[in-house]
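Asker: starting from these lines, generate the structure:
(chains A, B and C)
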Amino acid sequence: MTVSPGETLARLRERKPLIHQITNYVVMNETANATLALGALPVMAHAREEVEEMVRFAGALVLNIGTLSPPWVDAMLAAGRAANEADVPVVFDPVGAGATTYRTETAQRILDELRIAVLRGNLAEVATLVGVSAEVRGVESGAVAAEPAAVARAAASALGVVAAVTGPVDHVSDGERVLAIANGHELLATVTGTGCMSSAITGSFVAAKPDAPYEAAAEALVAFGVAGEDAARGANGPGSFHVNLYDALAALEPATLDGRARIT
Amino acid sequence: MTVSPGETLARLRERKPLIHQITNYVVMNETANATLALGALPVMAHAREEVEEMVRFAGALVLNIGTLSPPWVDAMLAAGRAANEADVPVVFDPVGAGATTYRTETAQRILDELRIAVLRGNLAEVATLVGVSAEVRGVESGAVAAEPAAVARAAASALGVVAAVTGPVDHVSDGERVLAIANGHELLATVTGTGCMSSAITGSFVAAKPDAPYEAAAEALVAFGVAGEDAARGANGPGSFHVNLYDALAALEPATLDGRARIT
Amino acid sequence: MTVSPGETLARLRERKPLIHQITNYVVMNETANATLALGALPVMAHAREEVEEMVRFAGALVLNIGTLSPPWVDAMLAAGRAANEADVPVVFDPVGAGATTYRTETAQRILDELRIAVLRGNLAEVATLVGVSAEVRGVESGAVAAEPAAVARAAASALGVVAAVTGPVDHVSDGERVLAIANGHELLATVTGTGCMSSAITGSFVAAKPDAPYEAAAEALVAFGVAGEDAARGANGPGSFHVNLYDALAALEPATLDGRARIT
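Answerer: Reported below is the predicted structural model:
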């Protein structure tokens, strides 16, 4: 399977997959708008009463524990089991794993009980989940006692997932191979929820290429990184960058995207 | 009663009615800001402990099931009953009715148990509620086996409401008459929550013209559509359009609004 | 202790304190982004299962009852008690106190059961909490039977807090002294959640100057007001002003900030 973000983006825009997101209160509007700007169709639904029915129509399920609480975790697990039964790929964003015991244990429980296609997190979050010493401040990554590529590979191998570790350079691994993606812009770190957006976009790409989550995850990070680069042009700070980011996602051109990928 | 969006907007800005909204997590900030930009006063309150007291001060109550769950539905019903007792008009947005059984049944329950002034939804949602076959993908409208004008009329007649069916052309009916509103812009479909915003603005207009919900609902859609047209100028995509939309709502001029209405 | 917003801002950006916010659904993204743009690190966490653990890593805790409900109030009290034990300063924003009995009683309960460093509210909210007759419409301040400076002083004295009463001119009191801050712009009143943002920024400044909450609260309102002045330049309405506000917070210059303070 080749890596071609442009080709997958074209397929995504043609199929407009429904991306079911059970995510945090802080970024719901942002991840929905990022999904929609990219060309997929977001739906937010978290009630135990409907998640299993909703997810069966979805091209992917994105779970995010940014503002977790017990009823939401129950819904995530129920939706995840239904997704697994229906072969709907699941992307998991373990926001703040390592910051509190509740977050770490919930992330481990989700990884134990569900079949996760892609785990997308920052370095400290993913390191925590494979037992590497890491400093987490709230939901931000601090000092970590390992290199990102090694953490991605270890997580993928130990957890049986594709691991996408984002940072200044992103690393995606299936447990054997590792792709490094150097697209992106430092302004992405100045807006809340860009990590969550990257998870939503990962879900969108995986929905368009469900048989190749390793390639799809890398393609998603290329696309989001390129949009970040475009959004930075003319931005005066985090506010205008944030606005530009949606414009840039919508303006991504499948025909030129592969040529802009900085992937090794 | 004549249709004059400009006159009603002027009255709204003078009175600044309080618009109590029990809505979804995705768009709370957006509908509050749209309400405020238009010139009314939003308040978000959903606790069973306070909704009945809060709604008695309101000029309208807007209910929206976009991210429904049992405690929120209970609060919507309690607030709705208090609004009905106090003759505060209720606008209902049945987000995603038809997508899951829980959404459809909750929408029907709200329509059964409350006196709804205006039902504002997309074509598939409203069609579902009057038994017309409709495809719903998440919260988006798909193929529907009837014309929007017919669906609006049927819904208004069967449910005893004013029905406002939004889409490329909006249709408002009281069960007998139908108004078609051609204002708006295709960029409105690229931003999450513009449907929810149109419901909030409908509530604001109904609060300013409570004795004429049919006219008020049509006027609201003219105003929102004109703001969409203004917002599209200079927009580079969904992000900048979204920002412009608040500027445009605040800049709407009562004196010129009637002349810009594309209503038949 | 001198008042120097520039010096405290410089310290804040160097230390990047974690600001734990338990706030309302409407503004979570906005207060997180304002905190981040200023230079501190926001974290939103509200589950009873983790708030006590999370708050111990924080430089300040910000409580906001804008969309309160019983489980959130329980979490606020638990987090507040843990913050008090760990000497983490607590900022409280009593959104809508006076609008409903539930809000007023919850605000009083938080003030009774916790040691609050800074109470940040609008005139009607703070007046309500010290028994001054005030009109509250939803979450907006109406007519109040006392001057802001007197209300700030009375609240600080009666409640044992630093009181920060925001409005066209802000007033901060420790019960004896009163500082009046005339920075700001009328466009701040056209965007939902700017009051909540000012509370988040107050928390950030208090975290950078925990031994002097009176000075820190005044400095925060200078910084936020100056950002509002900068954001108004080139704004075409509430939407573009809102975007500019994040750019302006990020662009605040410690070296020039003291010179721009309009404080008496």
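
Asker: for the residue of the stretch 1-150 of chain A found nearest chain C, give me phi and psi.
Answerer: Shortest the stretch 1-150 of chain A-to-chain C distance, computed as CB to the nearest CB: residue-wise this is A:Gly138, at 3.1 Å. Every C-beta, even on glycine, is put in place using the N, C-alpha and C of the backbone. When read as degrees, to the nearest 10, the backbone of A:Gly138 gives phi 70, psi -110.

Asker: can you list the buried residues in stretch A:163-176?
Answerer: A:Ala163, A:Ala164, A:Val165, A:Thr166, A:Val169, A:Asp170, A:His171, A:Val172, A:Ser173, A:Asp174, A:Gly175 (16 or more other CB atoms under 10 Å in any protein chain shown).

Asker: wait, is the third one part of a strand?
Answerer: Yes: using DSSP: H, G, I helix; E, B strand; the rest coil, the assignment for A:Val165 is a strand.

Asker: on that earlier part again, pick the one among the buried residues of stretch A:163-176 closest to A:Val222.
Answerer: Using CB to CB, A:Asp170 comes nearest to A:Val222 of those, at 8.8 Å.

Asker: and the buried residues of stretch A:163-176, which two are the farthest apart?
Answerer: Between all members of the buried residues of stretch A:163-176, the farthest pair (by CB to CB) comes out as A:Val169 and A:Gly175, at 19.2 Å.

Asker: dihedrals phi and psi, A:Phe224?
Answerer: phi -70, psi -40.

Asker: what score does it have for pLDDT?
Answerer: Predicted confidence (pLDDT) for A:Phe224: 98.

Asker: what of A:Ala216?
Answerer: For A:Ala216, pLDDT reads 98.

Asker: A:Pro89 too?
Answerer: 98.

Asker: with adjacent residues omitted, what lies nearest to it?
Answerer: A:Ala117 (3.9 Å; CB to CB, 6 or more residues apart in numbering or on different chains).

Asker: now the residue positioned nearest the centre of chain A: how far from chain C?
Answerer: Central residue of chain A (CA atoms, centre = their mean): A:Ser199, 1.6 Å from the mean position. Computed with CB to the nearest CB, to the nearest Å, the distance linking A:Ser199 and chain C is 16 Å.

Asker: does chain C have contacts with stretch A:168-187?
Answerer: No: judged by CB under 8 Å from any CB of the partner chain, stretch A:168-187 stays clear of chain C, getting no closer than 9.7 Å.

Asker: what comes into contact with that stretch?
Answerer: With contact meaning CB atoms under 8 Å, 6 or more residues apart in numbering or on different chains, stretch A:168-187 is reached by A:3, A:148-149, A:151-153, A:155-157, A:160, A:162-165, A:214, A:217-218, A:221-222, A:224-226, A:228-229, A:231-232, A:235, A:238, A:241, A:260-264.

Asker: among those residues, which ones lie close to chain C?
Answerer: A:Pro238.

Asker: tell me which of the contacts of stretch A:168-187 fall in helices.
Answerer: With helices defined by DSSP state H, the entries of the contacts of stretch A:168-187 inside them are A:148-149, A:151-153, A:155-157, A:214, A:217-218, A:221-222, A:224-226, A:228-229, A:231-232, A:238, A:241, A:260.

Asker: near chain B too, which of the residues you listed?
Answerer: Taking CB under 8 Å from any CB as the test, chain B is in contact with none of those.

Asker: residues contacting A:Val3?
Answerer: Per CB under 8 Å, 6+ apart, neighbours of A:Val3: A:Leu179, A:Glu215, A:Ala218, A:Glu219, A:Ala261, A:Ile263.

Asker: coming back round to it: the residue nearest to the centre of chain A: what's it in contact with?
Answerer: A:Ser199 touches A:Thr31, A:Val62, A:Asn64, A:Val91, A:Asp93, A:Arg120, counting by CB under 8 Å, 6+ apart.
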